[in-house]
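*Asks:* Just the structure for this:
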Amino acid sequence: MKNFIAGKYKKQFKNEEFEYQSFSPSLINRSFDWHDNKIDVLLEQATRLLGELNAFSYLIPDIDFFIQMNVAKEATKSNMIEGTKTEIDEIVLPKEEIDPEKRDDWQEVQNYINALNFAINELKNLPLSTRLVKNTHKKLLSGVRGQYKNTGEIRKSQNWIGGSSLSNAFFIPPSFEELPELLTDLEKFWHNKNLNIPLIIKIGISHYQFETIHPFLDGNGRIGRLLITLQLVESKILTKPVLYLSTFFEKNRLSYYDSLNMVREKNNFEQWIIFFLNGIIYTANDAINTFKDIIDLRQKYEQKILSLGSRAKNAKKLLLFMFSRPIVNIKTVEQNLNISNNNANRLIKSFQDLNILQEKTGYSRNRLYYLKSYLDLFKGQ
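*Replies:* Okay, the predicted model is just below:
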């Protein structure tokens, strides 16, 4: 990486009167070496923690229910980087419960959840590819702000990052004429098994390159962060999608942008890899601790449920359902457990008496009930 030249600026003309410079990144389907020993130490730590995190995919029964809350947290944090204000306790509410002025943000986060679930499922049928990325992008921007910016299509015009126009942009990605070669190179890099590069570092290099190429008119940041999880799953580092870096990136937003830009401005790839590996370590640690807390909380809940006698069977079903949907109303319980209104009311009342559920609205009608202690596990950092 010491000898890596990130790219060069190219003079472009919007018209005869306006000139700007776009950044043309170097191709990355090549070997990378590094000299900073700190990378090796961080890589060892990141690999160990990812292995420990992956073990929870086998240890926790019904882990897919918990993963959906991880996805919701990732979607919330990734969209926060783009400026949305939706919190995780709002994203698990039905749309009709969201304030009208917040529904656009709410829908954007829902789209991220749908896009991520779609992409993970598509990996069973398609390898990671430009085609899969384009299809995921279409899901991401369908019916929300940005829907008219060629969803699912590689851009055919110049875009920029920061600022209000090309004249005051923070960063101007490569010209659209360069994208076919750059994306082909990136796809080859994803699947080149002859490169002796540790997979985690390869994923970090890939994220930098995707964000630098910025192949879409909108949604590049969200797709780029989503790609990290896809690559961890496709490479079989993780069996299930249980690690998401958007919380770390959002918490360290300025450092995130600065680290990406230092590659372009100073050819300093090593500092980006160090930042990326620290993100893996931080996020894996956080996810491991959350899963440990989930196991403890689940055991505590299930112990309480044993006291419900004949209602314990339905109570376990409701608890499992709420691990992916921690806020419910009576109607939702009726429908998902296929029980009567009276039985749903009694079950909710039992959960309240056991201090498992709390009522959220304070209304006499249309009440919402939530697993507060469980939801709080995902609202922290």
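*Asks:* Show the model's pLDDT score for residue 104.
*Replies:* Residue 104 carries a pLDDT value of 87.
*Asks:* With the one 3 residues further on instead?
*Replies:* At residue 107, the model reports a pLDDT of 89.
*Asks:* Helix, strand, or coil at it?
*Replies:* Going by DSSP: H, G, I helix; E, B strand; the rest coil, the secondary structure assigned to residue 107 is helix.
*Asks:* Residues contacting stretch 302-311, please?
*Replies:* With Cβ atoms under 8 Å, 6 or more residues apart in numbering as the contact definition, stretch 302-311 has outside contacts at 312, 315, 316, 319, 346, 347, 350, 354, 355, 356. From N, CA and C alone the C-beta is placed, and that goes for glycine too.
*Asks:* If we ignore the residues flanking it in sequence, what's nearest the fourth one?
*Replies:* So the one you mean is residue 319. residue 301 (5.7 Å; Cβ to Cβ, 6 or more residues apart in numbering).
*Asks:* and if you look at the fifth one?
*Replies:* Leaving aside its sequence neighbours, residue 346 sits nearest to residue 311 (Cβ to Cβ, 6+ apart; 7.3 Å).
*Asks:* quick revisit: just name the closest of the contacts of stretch 302-311 to residue 46, please.
*Replies:* For the contacts of stretch 302-311, the residue nearest residue 46 by Cβ to Cβ is residue 319; the value is 33.7 Å.
*Asks:* Now do the same contact list for that closest one.
*Replies:* By Cβ under 8 Å, 6+ apart, the neighbours of residue 319 are 298, 301, 302, 305, 356.
*Asks:* how far is the helix or strand where it lies from where the chain is centred?
*Replies:* For residue 319, the host element (DSSP states H and E) is helix 312-322. Distance of helix 312-322 from its chain centroid, counting by Cα atoms, centre = their mean, to the nearest Å, is 28 Å.
*Asks:* repeat for stretch 279-291
*Replies:* Centroid displacement of stretch 279-291 relative to its chain, using Cα atoms, centre = their mean, is 14 Å.
*Asks:* Contacts for that stretch next, please.
*Replies:* By Cβ under 8 Å, 6+ apart, stretch 279-291 touches 42, 45-46, 49-50, 52-53, 56, 60, 66, 70, 200, 242-245, 247-249, 252, 377-378, 381.
*Asks:* buried set for it?
*Replies:* 279, 280, 281, 282, 283, 284, 286, 287, 288, 290, 291 (16 or more other Cβ atoms under 10 Å).
*Asks:* Spatially, what comes nearest to residue 26 if we skip its sequence neighbours?
*Replies:* Using Cβ to Cβ, 6+ apart, the closest residue to residue 26 is residue 7 (4.9 Å).
*Asks:* what bridges to the one you found?
*Replies:* When bridges are called by DSSP bridges, residue 7 pairs up with residue 25.
*Asks:* That one contacts residue 22, correct?
*Replies:* No: using Cβ atoms under 8 Å, residue 7 is not in contact with residue 22, being 9.9 Å away.
*Asks:* Tell me where the protein has strands.
*Replies:* 7-13, 19-25, 327-328, 358-359, 369-370 (DSSP state E).
*Asks:* Quick check: neighbours of the fourth one in the sheet, parallel or antiparallel?
*Replies:* Each strand pairing with strand 358-359, determined using DSSP bridges, is listed with its direction: strand 369-370 (antiparallel).
*Asks:* How about residues contacting the partner strand?
*Replies:* By Cβ under 8 Å, 6+ apart, the residues outside strand 369-370 that reach it are 89, 326, 327, 328, 329, 348, 351, 352, 357, 358, 359, 360.
*Asks:* what domains does the record give for this structure?
*Replies:* When the chain is parsed with automatic domain parsing, its domains come out as 7-290, 310-376.
*Asks:* would TSV of these with distance to residue 1 be doable?
*Replies:* TSV is the format used below for the domains of the chain (distance: least, Cβ to Cβ, whole Å):
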stretch	distance to residue 1
domain 7-290	4
domain 310-376	41
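*Asks:* now for the strands of the chain, which one comes closest to residue 235?
*Replies:* Short answer: strand 19-25, nearest of the strands of the chain by Cβ to Cβ, at 22.7 Å.
*Asks:* buried stuff in that closest one?
*Replies:* Across strand 19-25, burial judged by 16+ other Cβ under 10 Å covers 20, 22, 23, 24, 25.
*Asks:* Next: stretch 45-54.
*Replies:* For stretch 45-54, using 16+ other Cβ under 10 Å, the buried residues are 45, 46, 47, 49, 50, 53, 54.
*Asks:* Now do the contacts for residue 195.
*Replies:* 29, 30, 31, 189, 202.
*Asks:* just curious, which of these is nearest to residue 258?
*Replies:* Of all the contacts of residue 195, the one with the least separation from residue 258 (Cβ to Cβ) is residue 202, at 22.3 Å.
*Asks:* What's the local residue count around the closest one?
*Replies:* Using other Cβ atoms under 10 Å, residue 202 has 18 other residues around it.
*Asks:* what does residue 221 give?
*Replies:* Using other Cβ under 10 Å, residue 221 is surrounded by 20 other residues.
*Asks:* if I read this right, it contacts residue 80, doesn't it?
*Replies:* No: proximity of residue 221 to residue 80 does not meet the contact threshold set by Cβ under 8 Å, at 11.0 Å.
*Asks:* Low-confidence ranges, the stretch 1-150 of the chain, go.
*Replies:* 2, 16, 146-148 (pLDDT under 70).
*Asks:* Which parts of it are helices?
*Replies:* 37-59, 63-81, 88-91, 103-122, 130-141 (DSSP state H, counting those that start in this stretch).
*Asks:* need the longest helix for the chain.
*Replies:* With secondary structure taken from DSSP state H, the chain has its longest helix at helix 269-305.
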